[in-house]
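Asker: Turn this into a structure:
(chains A and B)
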Amino acid sequence: MSDLTSLTIAEARDKLLGKEFSALELTDAYLSAIDRANEAINAYVVVTHDRAREMARASDDRIAGGTAGALEGIPLGIKDLFATHGVHTQAASHVLDGFQPRYESTVTANLWHDGAVMLGKLNMDEFAMGSSNETSYYGPVKSPWRRKGSNLDLVPGGSSGGSAAAVAARLCAGATATDTGGSIRQPAAFTGTVGIKPTYGRCSRWGIVAFASSLDQAGPIARDVRDAAIMLKSMASVDDRDTTSVNRPVPDYEAAIGRSVKGLKIGVPKEYRVEGMPDEIETLWQNGIAWLRDAGAEIVDVSLPHTMYALPAYYIVAPAEASSNLARYDGVRYGLRVPGRDVIDMYEKTRAAGFGREVKRRILIGTYVLSAGYYDAYYLKAQKVRTLIKRDFEQVFASGVDALLTPATPSAAFGIADQDMASDPVKMYLNDIFTVTVNMAGLPGIAVPGGLSQEGTPLGLQLIGRPFDEETLFAAAHVVEQAAGRFEPTPWW
Amino acid sequence: MSVDIDTVRRVARLARIAVTEAEAEAMQGELNAILGFVQQLDEVDVSGVEPMTSVTPMTMKKRQDKVTSGNIADDIVANSPATEDHFFMVPKVVE
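Answerer: From the prediction side, this is the model:
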């Protein structure tokens, strides 16, 4: 039955309703695929075999009874950042050792309400801090992709590296992910999958382990644009328990697939042409421009003058918010506790043992920029720069531009334990140079495969939209997908 | 602006993270690399610019000041490393 894992969510949905196979058969096909592959790929930190089969049986009952939901019987992987009732939820950190919440995140509750099946929890960078999935307490995820003629293990990107790898390797039909600076779009680009970070406020953050609250958003990683639209429809909602979630109807995103882009104005921001960018990224970008133009869109050059300041501003705002959010891990209410001679000593030892190096680095940066005497020079300044970044986008949209097209990342995937990245934290941070602006401005952004590098690994394009206009992104991304085709790795595992 | 080793120790203390001498030294270099990177913001003229407080224009939602849940003490303490009678247990704080 292993070919069942080759179906997209849309295909599986139709065949389940047509009773061509059962939800239990579909779930078992995925569980077998995970059991065969996970030791090599390390995408899952926990596989919930029993829970998955139980949920699949319930789906079969609902399908038989004619009460199937929008995602009935669809097996999904869940990023370890989402609280799942009674199931391992550790943000891939040792500090949350043994944590099994007594509550369910709003996003996952929405998915279960629509009939989806949970296969397990997906690996990620610790507390979503990273761009390579190498900061996980559970070890790096290996990308299902390899360079032509090479056995070098590549990173799947991060922080949602487990989500992207599991989708690309057919270890789930789709996955939840989160994006604070590019953590959905960069791994999607590295693995030939589709990932959308919706507008800030579109998905409830309740029950998602907080990293940087003013930037964090949940979204899906899926095999194609249609599947991403189907998943986002179920994930999005207004929620009384997240005051930043927005009270506006969730559109039928799938209906936007196939919508014409004729007459749409697509902006191409010149500041995204950065020094040292490989030729193949420029080619990818030009291909994307040509595809949208051929489909009837009008291409216009635009300027977002504060683009280059988004990443440095992000590395003040995000660590500052993280240092505050992560203050709660003190060994008292949940997770790891390392005994100390007094309560302060216990806090310090617990946090020293529980947090990994990248997380400590960001907590220290955040603590420093918020400390007495530095707040104005760093945090306040960064929030002012953020206003300017957002204003750049507002001016472009006010001039009639409907969406922007950029590369998703400045390069294809790099190797695990890459020496350049390891020696300089800033080098790793530069991975997010094209994605982080979108979080700073709260806008929606989608990454869609646009081709392969010379080495045969995926490259992604990014489309950036107006607030709450995810539909235009799905329509335009579908045009790119139709032209570029879909890309799947050759199994080596 | 660059940080010295004493500042690293002080910040680690504020953040309640124990650091060894070797870790403090390594962190000093890394923090300075990051602070050097963010120093680019000095080039930006932000005079008269309001700091961002909300990325989407919205008025803060308010709810009735009412108790809407409770009686879940078992759930609250379920994941604690040390509890007794629905209390969290910590080392002695007051002598």
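Asker: closest point of chain B to chain A, which residue?
Answerer: For chain B and chain A, the shortest gap (C-beta to the nearest C-beta) falls at B:V55, measuring 3.2 Å. In this view, the C-beta of every residue, glycine as well, is placed from N, C-alpha and C.
Asker: and the one residue sitting closest to the centre of chain B, backbone torsions?
Answerer: The centroid of chain B falls nearest to B:A15 when counting by C-alpha atoms, centre = their mean (7.2 Å). Phi and psi for B:A15, reported as degrees, to the nearest 10, are phi -80, psi 0.
Asker: Could you pull up the residues touching it?
Answerer: Listed by C-beta atoms under 8 Å, 6 or more residues apart in numbering or on different chains, the contact partners of B:A15 are A:S323, A:R351, A:I363, A:L364, A:T367.
Asker: so where does the second one fall, helix or strand?
Answerer: Applying DSSP states H and E as the criterion places A:R351 in helix A:343-354.
Asker: And the next helix or strand past that helix?
Answerer: Following helix A:343-354 in sequence order, the next helix or strand is helix A:357-370 (DSSP H and E).
Asker: on that earlier part again, could you list the buried residues of the helix holding A:R351?
Answerer: Residues A:M346, A:Y347, A:E348, A:K349, A:T350, A:R351, A:A352, A:A353, A:G354 are the ones in helix A:343-354 that count as buried (16 or more other C-beta atoms under 10 Å in any protein chain shown).
Asker: And that helix, how far out from the chain middle?
Answerer: Distance of helix A:343-354 from the chain centroid (C-alpha atoms, centre = their mean, to the nearest Å) equals 31 Å.
Asker: List the single closest residue to the residue lying farthest from the centre of chain A in space, sequence neighbours excluded.
Answerer: Distance to the chain centre peaks in chain A at A:R341, reaching 41.1 Å (criterion: C-alpha atoms, centre = their mean). With sequence-adjacent residues excluded and distances taken as C-beta to C-beta, 6 or more residues apart in numbering or on different chains, A:R341 is closest to B:P91, at 7.6 Å.
Asker: A:A169: what's it in contact with?
Answerer: Contacts of A:A169 (C-beta under 8 Å, 6+ apart): A:A33, A:A37, A:I41, A:A43, A:P144, A:P489, A:P491, A:W493.
Asker: which one is A:G456 nearest to, not counting chain neighbours?
Answerer: Looking at A:G456 with C-beta to C-beta, 6+ apart, the closest residue is A:K148, at 3.9 Å.
Asker: so that neighbour sits in a strand?
Answerer: No: membership of A:K148 in a strand is not supported by DSSP: H, G, I helix; E, B strand; the rest coil, which gives coil.
Asker: what about it, how many residues close to it?
Answerer: Using other C-beta atoms under 10 Å in any protein chain shown, A:K148 has 11 neighbouring residues.
Asker: do the same with A:K262
Answerer: Neighbour count of A:K262, defined by other C-beta under 10 Å: 9.
Asker: Now do the helix holding A:R351: which elements does it pack against?
Answerer: On a contact count with 3 or more C-beta pairs under 8 Å, 6 or more residues apart in numbering or on different chains; DSSP states H and E, helix A:343-354 meets no helix or strand.
Asker: who touches that helix?
Answerer: Helix A:343-354 is contacted by residues A:93-97, A:329-331, A:335-340, A:360, B:13, B:15-19, B:90-93 when judged by C-beta under 8 Å, 6+ apart.
Asker: Would you mark the buried spots in the longest helix belonging to chain B?
Answerer: Scanning chain B for the longest helix, with DSSP state H as the assignment, gives helix B:21-38. By neighbour count with 16+ other C-beta under 10 Å, helix B:21-38 contains the buried residues B:E23, B:A24, B:M27, B:Q28, B:E30, B:L31, B:A33, B:I34, B:L35, B:F37, B:V38.
Asker: Give me the below-cutoff pLDDT ranges for the stretch 1-150 of chain A.
Answerer: Applying pLDDT under 70 to the stretch 1-150 of chain A flags residues A:1-2.
Asker: all strands of it, in order?
Answerer: Under the criterion DSSP state E, counting those that start in this stretch, the stretch 1-150 of chain A contains strands at A:44-47, A:75-79, A:117-122.
Asker: closest to A:S159 out of those?
Answerer: Using C-beta to C-beta as the measure, strand A:75-79 is the one of the strands of the stretch 1-150 of chain A that comes nearest A:S159, at 8.4 Å.
Asker: so what secondary structure elements neighbour the closest one?
Answerer: In terms of contacts (3+ C-beta pairs under 8 Å, 6+ apart), strand A:75-79 is packed against helix A:23-41, strand A:117-122, helix A:161-168, strand A:174-179.
Asker: Now tell me what touches it from outside.
Answerer: Contact with strand A:75-79 is made by A:26-27, A:30, A:43-44, A:52, A:56, A:84, A:108, A:111, A:116-122, A:124, A:160, A:162-163, A:166-167, A:171-178, A:231, as judged by C-beta under 8 Å, 6+ apart.
Asker: try stretch B:62-75
Answerer: Stretch B:62-75 has contacts (C-beta under 8 Å, 6+ apart) with A:R102, A:Y103, A:D240, B:H86.
Asker: cool, stretch A:57-65 as well?
Answerer: A:L16, A:L17, A:K19, A:S22, A:A23, A:L24, A:A68, A:G69, A:E72, A:G73, A:G115, A:V117.
Asker: how about a cut-off of 6 Å?
Answerer: Stretch A:57-65 has contacts (C-beta atoms under 6 Å, 6 or more residues apart in numbering or on different chains) with A:S22, A:A23, A:L24, A:A68, A:E72, A:G73, A:G115.
Asker: need the residues of chain B near chain A, please.
Answerer: With the criterion set to C-beta under 6 Å from any C-beta of the partner chain, chain B comes near chain A through B:11, B:14-18, B:30, B:33-34, B:37-38, B:40-41, B:44, B:46, B:49-52, B:55-56, B:61, B:75, B:78-81, B:88, B:90-91, B:93.
Asker: Out of those, which sit inside helices?
Answerer: Taking DSSP H, the ones among these that sit in helices are B:V11, B:L14, B:E30, B:A33, B:I34, B:F37, B:V38, B:D75.
Asker: Do I have it right that the second one meets A:T367?
Answerer: Yes: using C-beta atoms under 6 Å, B:L14 is in contact with A:T367, at 5.2 Å.
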